[in-house]
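Chemist: how does the following fold in three dimensions:
(chains A and B)
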Amino acid sequence: MKALRLQKILFLAVLGVMTLIYIGPFLFSLSISFNADKNVFDWPIKLLPENFTLDNYKNVWKDLPFGKWLFNSVLVTTIQTFSNVFFSALAGFTFARLEFPGRKIIFTLLLSSLMIPGIILLVPKFIVLNELSMINSYGGLILPGLVGVTNIFLMKQFFETIPKDLEQAALIDGCSYFRLFWQIFLPISKPALAAVAIYTFQGAWNEFLWPVIVSYTEDMYTLPLGMASLRHELLTDWPLLMAGTILISLPTLAIFIIFQRYFVQGVASSGLKG
Amino acid sequence: MTIKPKNEQKIWAYTFLAFPLLLLSIFVFFPIAFAFIVSFFDWNLLIPDKPFVGLGNYIELFKDPVFVKAIKNTVIYTLGVVPVQTFLSLFLAFIMNQKLRGRAFFRTAFYIPAITSSVVTSIIFVWIYSKPGLLNYLLSSAGVDSNIDWLTNPSTVLPAIMMLNVWTTSGYFMVSFLAGLQNIPASLYEAARIDGASQWKQFWKIMVPMVRPVTYFVVVMSLIGCFQVFDQIFVMSSGGPDNASTTMSYFVYQNSFKYFRFGFGAASAVVLALLIFTVTAVQKKYFPPEAY
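Modeler: Down below sits the predicted model:
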């Protein structure tokens, strides 16, 4: 018994140290963001700033185009999230419930595209958007992320678990396929739709590689790109930089904490598929 | 049994799929084929003339010392990160699987780096790795005299970014392992305990083999991620100093979108994609998810 308790204490100690390692960096960045002193490199490094201020959070909006970047990020993320939820549900429903020539081939084609590393698509996507004169525009930022194959797959899997009896009655009553989708399938798929919305939101909000390539001028930056561009200019103003990074992290953190079970379940089921 | 005529179903199906398939054709299917085509041309955004060069870009790539270095860096990066990350996340899951209080809190704590923007974590670690930063401070507090700038020193820049990578994604993989561990029937442990197997033995003889499918998934995801590492390199070192941290995906970016050498850049991306395919195929053949 004694050995068991000792082991428990040891495990808790390990978890405690690991927790410090995993959230410590965020605590330091939070602390720096409240520092009134621009020189944050005084040794010994303190967890609490000597001169506390909220000015950095005000200056982010004043000294930087933070508002514009926020607008761009919100616009891109919102449109991509709604579009992914709607179209992946619609496509997932079609693959799960409708019979049509080419269903198998098209779906296999979709699945195999998941094996292609995203990196080889960059140049061709850029050339296509350049032909459409959409480089450095909202169209260029938003269009490539409107539909995702993983989401379609997720929704198809979900719809396949719904018993067929449900639609038989509706179809006999002369209900159209769109009404069947909209009025019967969508209302009962809220958990799956929420999962798609959450994954898409997190992915779109944090996306970096695509905006780097497609946005050239500061007014077309999204938040991550804007903050990254400051990393080289603002090396002298760490408190301002940290205030910005804390602000960007808040939406994803809030969504994660509220919807934790979706993340844990999502990862868990994807892990077991392997 | 179908209630409506097949023909009607067909029309609805194609209507529903029209928009998603149009977008995926433009931004996924066509680009896959087009990437190969572009890689055979001397295609530069700024030069209207685009001569066909056959394998010219590929030959030039392997003669380019920067590309060779990028391959080397990418391989070192992957070989360093994947095992450490896999083992660390399994170890964390093992501890989390004990009936300890506050599990939900710890799980959240470990997961936060994974859901935070890579730009944010990179910026925080630029501060940690700087000369008067947190890492050197902790090291000197522990009695190790350390006075280097981790990100501008060619011998430490890559390991420093690798450590950041392990830190960001191990929490995510920990959750996968934890789910796998929780699916192991309790009777297996009981049998082991009756036979007098130690915790350590239970870990190696029960848990590790039982979570093999999860391990497979974790290793594949981790490999694909490491081979394409970009954000951290861009923010923290821009491939420097002297290409000490130039990875293959950063090389693709640099040549394609800084010098606008699309043909050359596409060729380097194709090489990277082939490398990823080969490694995951080898893994599937020699370390399949289900064994025994």
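
Chemist: could you pull out the helices for the stretch 101-250 of chain B?
Modeler: Taking DSSP state H, counting those that start in this stretch as the test, the helices found in the stretch 101-250 of chain B are B:103-115, B:118-129, B:134-141, B:157-182, B:186-194, B:199-202, B:208-210, B:212-227, B:231-236, B:248-257.

Chemist: other SSEs contacting the longest one?
Modeler: It refers to helix B:157-182. If you count contacts as 3 or more Cβ pairs under 8 Å, 6 or more residues apart in numbering or on different chains; DSSP states H and E, helix B:157-182 packs onto helix A:2-33, helix A:260-273, helix B:65-96, helix B:103-115, helix B:118-129, helix B:212-227, helix B:231-236. (Each C-beta comes from the backbone N, C-alpha and C, glycine too.)

Chemist: could I get the average pLDDT for that helix?
Modeler: Helix B:157-182 carries an average pLDDT of 93.

Chemist: any idea how far that helix is from the chain center?
Modeler: 10 Å (Cα atoms, centre = their mean, to the nearest Å).

Chemist: make JSON lines from the helices of the stretch 101-250 of chain B and add mean neighbour count to it.
Modeler: Formatted as JSON lines, the helices of the stretch 101-250 of chain B follow (neighbours: other Cβ atoms under 10 Å in any protein chain shown):
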{"stretch": "helix B:103-115", "mean neighbour count": "19"}
{"stretch": "helix B:118-129", "mean neighbour count": "25"}
{"stretch": "helix B:134-141", "mean neighbour count": "16"}
{"stretch": "helix B:157-182", "mean neighbour count": "22"}
{"stretch": "helix B:186-194", "mean neighbour count": "11"}
{"stretch": "helix B:199-202", "mean neighbour count": "12"}
{"stretch": "helix B:208-210", "mean neighbour count": "14"}
{"stretch": "helix B:212-227", "mean neighbour count": "21"}
{"stretch": "helix B:231-236", "mean neighbour count": "24"}
{"stretch": "helix B:248-257", "mean neighbour count": "24"}
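
Chemist: residue nearest the centroid of the chain?
Modeler: In the absence of a named chain, chain A is used. The centroid of chain A falls nearest to A:Gln202 when counting by Cα atoms, centre = their mean (1.4 Å).

Chemist: to clarify, I was referring to chain B.
Modeler: For chain B, the residue sitting closest to the mean C-alpha position, by Cα atoms, centre = their mean, is B:Gly225 at 1.4 Å.

Chemist: contact partners for that residue?
Modeler: Residues counted as contacts of B:Gly225 (Cβ atoms under 8 Å, 6 or more residues apart in numbering or on different chains) are B:Thr169.

Chemist: let me know whether stretch A:72-90 sits next to chain B.
Modeler: Yes. Judged by Cβ under 8 Å from any Cβ of the partner chain, stretch A:72-90 comes into contact with chain B through A:87-88, A:90.

Chemist: ok, of the helices of the stretch 101-250 of chain B, where does mean pLDDT dip lowest?
Modeler: Taking the mean pLDDT of the helices of the stretch 101-250 of chain B, helix B:199-202 comes last: a mean of 82.

Chemist: okay, now the single nearest residue of the stretch 51-200 of chain A relative to chain B: neighbour count?
Modeler: Distances between the stretch 51-200 of chain A and chain B by Cβ to the nearest Cβ are smallest at A:Pro124, namely 3.4 Å. Neighbourhood size, A:Pro124 [other Cβ atoms under 10 Å in any protein chain shown]: 24.
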